[in-house]
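Undergrad: Pasted the sequence and its predicted model underneath.
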Amino acid sequence: MYAGMLCVIGTAYKNIKEYDSCEKYQKAGLKLYQKINDKRGISLAYNGLGVLEKNRNNFIKSLEYYYKAIEPLDKEKDKGRYATIYMNIGIVYRNLKNPKRALDYYKSCDSVYQILKDTAGIIKNNVNTCTALKESGKFEEAKILGLHTQKIIELNGSKNSGAFNLYEIIAGIYFHEKNYPKAEHYYLKRFEFESEMGNQSVLASMYESLALLYKQWGKEFLADKYYKLAVQNLSKNRDIKTRIALLNLKIDFLKSGGNFKEALELHEEKYKLNDSLFSTDLTEKISKLENDISNQNQKKDLELLQKNQAIKDLEIKRQRFFNYGLVIVVLLIAVFVFFILKSLKVNKRINSELNTKNKKVEEQNSIIEEKNKDIIDSINYAQRLQQILLPAEEEFKQALPESFLYFEPKDIVSGDFYFIERTEAFAFVSVVDCTGHGVPGAIMSMVANNLLNKVVREKKMTKPAEILQELNRELYYSLKQNVSQKTASDGMDMAICVFYPAKMELHFGAANTSIYIVRNKKLIELKPDKMGLGKTAFESNFKFTQQLFKVEKNDMIYMGTDGYADQFGGERGKKMMKKNMQKLFIDIAEMPTEKQFIAVKDNFTGWKGNLGQVDDVTVLGFRI
């Protein structure tokens, strides 16, 4: 009961944006729930912390808490809680500019709510789904679902803020379709509700939406009226995000009026604010994540070394006592029966000491085993987070139906990762090998994955050479290689393919990573630039080259990292080498891709045998 009250107080502080106080009460509630082993309470507290970190824009931390909130739940008894947490995870992915991934979680939510016949849950999830569809550019699907949800709301008489959020979404879709009367109708319905509720922050957003609507509609008087109200409201708050919103409004109005020069000047100011927002939000988050993981690992390594040293010391003492015992036994035998009774007493004392030492050694071993388990559990959880960032199997098969992926990290987590993006015009595929493997490589891969998302999905860049150039710049400044020598050797090798089906063209750019094409049992190698991404490439102003290759139907394309060819094994324990890997590609190219996967995997495990894996391995193949 008391734990629940603490979480409720934490939620209240969250609602008034006092996030430090919110965190304090949520964690206090969590501690009490854990003490009494209340699994539903533990889930509730972790979910509250996930919402808090989402509001702080700490999206990776938010996902960690949400997945911890799922763990204590019973899949059969707690379906409703599962659906709520899945919906929250979907909201985080929307904030990470990944609406496609968000839609996967919303779909899972809908299945649960339909089974539970939870109308309120269905409405709330549909509103979130409409927003994600709209952000994905699927306006017609969003409109159909939005209007269907409106009918559900009207039948059930729901009049909460979530229901009226839907009106603004539908209005935005009609605005996109230039159906201004319909857009006005839904904007005003939302406006009336928020006016009654006195929600000033939402009203400011509504003023902005109405101003832009009337401007596009040609109703200058109304546009000017709501523009002034929007500027007045937005000017009250001077935080960076509100200032950006205000600049966006002014830029839209200036462009609509043909004042492109003034709009450009404001664009420059907005760019500076966006840059400031990036440095305060995203860079600090990534830096903190890296430092936390590094400090935790160093601490655990130190504890492990200390425990190992203690075991060694105890073993030495044990051996020393054993040797003393042998000497005493020999001496006692030599001096006959006179010393037998005395020797029995000495042996009894020594055995008692040995037993005590043995018990201590066993206790130390138990502690070390527990610490090792904690370390492995932490790394396994990091693996789950890394898998979240990689494309799902469904996305991979949708983008490249005839394809396979062999992904085999050396350790639990990997320094390799792969990336895919499909549009109507092209399929974008990349394989990346970051410096190192294990936990350091995984941290580097998360930084690189985030930068590649930014360049491809946010900046909409499609030319491989330009992407490599921009990634090189982003990596240089993200790792602070301009001011620190600690990250001077960090970087990555990668290959990028952009396939245009209509033109049957493969645009290619790569840093130290070849791409292979097998056509009619002959292998063609597309060679990369002999330079990896990192400090050397950036400071030498290296220019990556772009290549274009005309592909033919049934060509088989192979991409991969160097871990496959560098593996030691075979009869002589030598490296596999590129020539053996290339021969394998020629031999399997005409097989179905499912069998190619099996052949690539079996060849690698057969070559490796009983030897240890030397590096992370990624091999990706797809048929034209």
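TA: Ah, there it is. What you see is a predicted model, and the numbers here were worked out from it, not measured in a lab.
Undergrad: so the closest residue in space to residue 114 that isn't next to it in sequence is in which element?
TA: Among residues not flanking residue 114 along the chain, residue 122 sits closest, at 7.0 Å (Cβ to Cβ, 6 or more residues apart in numbering). The way it works is simple: take the backbone N, C-alpha and C, and place the C-beta from them, glycine included. Taking DSSP states H and E as the definition, residue 122 sits inside helix 119-135.
Undergrad: neighbours around the residue nearest to residue 114, how many?
TA: 20 (other Cβ atoms under 10 Å).
Undergrad: Same question for residue 611.
TA: 12.
Undergrad: any idea of the mean pLDDT in stretch 432-450?
TA: Average pLDDT, stretch 432-450: 86.
Undergrad: Could you export that stretch as CSV, CA atoms only?
TA: This file holds the C-alpha atoms of stretch 432-450, laid out as CSV (Å, rounded to 0.1, in the frame of the first residue of the first chain):
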residue,chain,number,x,y,z
VAL,A,432,29.4,-2.4,-40.8
ASP,A,433,32.4,-3.7,-38.8
CYS,A,434,33.3,-1.4,-35.8
THR,A,435,36.6,-1.3,-34.0
GLY,A,436,36.8,-4.2,-31.4
HIS,A,437,34.2,-6.8,-30.4
GLY,A,438,32.4,-7.8,-27.2
VAL,A,439,31.2,-5.0,-25.0
PRO,A,440,33.5,-2.2,-26.4
GLY,A,441,32.6,-3.2,-30.0
ALA,A,442,28.9,-3.2,-29.1
ILE,A,443,29.0,0.3,-27.6
MET,A,444,30.8,1.5,-30.7
SER,A,445,28.2,-0.2,-32.9
MET,A,446,25.3,1.5,-31.1
VAL,A,447,27.0,4.9,-31.7
ALA,A,448,27.6,4.0,-35.4
ASN,A,449,24.0,2.7,-35.8
ASN,A,450,22.6,5.9,-34.4
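Undergrad: From the chain's centroid, how far away is it?
TA: Taking Cα atoms, centre = their mean, to the nearest Å, one finds the center of stretch 432-450 at 12 Å from the center of the full chain.
Undergrad: cool, and stretch 405-416?
TA: 16 Å.
Undergrad: how long is that stretch from one end to the other?
TA: 13 Å (Cα to Cα, to the nearest Å).
Undergrad: What residues of it count as buried?
TA: The neighbour-count check on stretch 405-416 (16 or more other Cβ atoms under 10 Å) flags 405-410, 412-416 as buried.
Undergrad: coming back round to it: so which bits of the helix holding residue 122 are buried?
TA: Residues of helix 119-135 classed as buried by neighbour count (16+ other Cβ under 10 Å): 121-135.
Undergrad: same question, stretch 139-147
TA: 142-143, 145-146.
Undergrad: now stretch 524-543
TA: For stretch 524-543, the neighbour count (16+ other Cβ under 10 Å) marks 526, 528-529, 531-535, 537-538, 542 as buried.
Undergrad: rewinding a little: tell me the spacing between the residue nearest to residue 114 and residue 520.
TA: To residue 520, residue 122 is 55 Å away according to Cβ to Cβ, to the nearest Å.
Undergrad: same deal with residue 190?
TA: 62 Å.
Undergrad: Between the two, tell me which one has more neighbours.
TA: Each of residue 190 and residue 520 has its neighbours counted (other Cβ under 10 Å); residue 190 has more, 25 against 9.
Undergrad: what's the helix or strand for the more buried one?
TA: Going by DSSP H and E, residue 190 is part of helix 180-197.
Undergrad: Keeping just the C-alphas, turn that helix into PDB.
TA: C-alpha atoms of helix 180-197 as PDB (Å, rounded to 0.1, in the frame of the first residue of the first chain):
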ATOM      1  CA  TYR A 180      -9.400  22.700 -45.900                       C
ATOM      2  CA  PRO A 181     -13.100  22.700 -44.800                       C
ATOM      3  CA  LYS A 182     -12.800  19.200 -43.300                       C
ATOM      4  CA  ALA A 183      -9.500  20.100 -41.700                       C
ATOM      5  CA  GLU A 184     -11.100  23.200 -40.100                       C
ATOM      6  CA  HIS A 185     -14.000  21.200 -38.800                       C
ATOM      7  CA  TYR A 186     -11.800  18.800 -36.900                       C
ATOM      8  CA  TYR A 187      -9.300  21.400 -35.700                       C
ATOM      9  CA  LEU A 188     -12.200  23.500 -34.200                       C
ATOM     10  CA  LYS A 189     -13.600  20.400 -32.400                       C
ATOM     11  CA  ARG A 190     -10.300  19.900 -30.700                       C
ATOM     12  CA  PHE A 191     -10.000  23.600 -30.100                       C
ATOM     13  CA  GLU A 192     -13.400  23.800 -28.300                       C
ATOM     14  CA  PHE A 193     -12.500  20.900 -26.100                       C
ATOM     15  CA  GLU A 194      -9.100  22.300 -25.000                       C
ATOM     16  CA  SER A 195     -10.600  25.700 -24.400                       C
ATOM     17  CA  GLU A 196     -13.200  24.200 -22.000                       C
ATOM     18  CA  MET A 197     -10.400  22.300 -20.200                       C
END
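Undergrad: Show me which residues of it are buried.
TA: So helix 180-197, judged by 16+ other Cβ under 10 Å, has buried residues 180, 183-184, 186-187, 190-191, 193-194.
Undergrad: Out of those residues, which comes closest to residue 429?
TA: residue 183 (39.0 Å; Cβ to Cβ).
Undergrad: Correct me if wrong: the closest one contacts residue 168.
TA: No: in this structure, residue 183 is not within contact of residue 168 by Cβ atoms under 8 Å, at 10.0 Å.
Undergrad: Quick one: low-confidence residue ranges for the stretch 251-400 of the chain.
TA: 253-327, 329, 336, 372, 374, 377-378, 382 (pLDDT under 70).
Undergrad: Kindly recompute the last result at 50.
TA: Counting by pLDDT under 50, the low-confidence segments of the stretch 251-400 of the chain come to 276-312.
Undergrad: quick one: residue 98 from residue 526, how far?
TA: Where residue 526 is concerned, residue 98 sits at a distance of 30 Å (Cβ to Cβ).
Undergrad: Alright, calling it a day.
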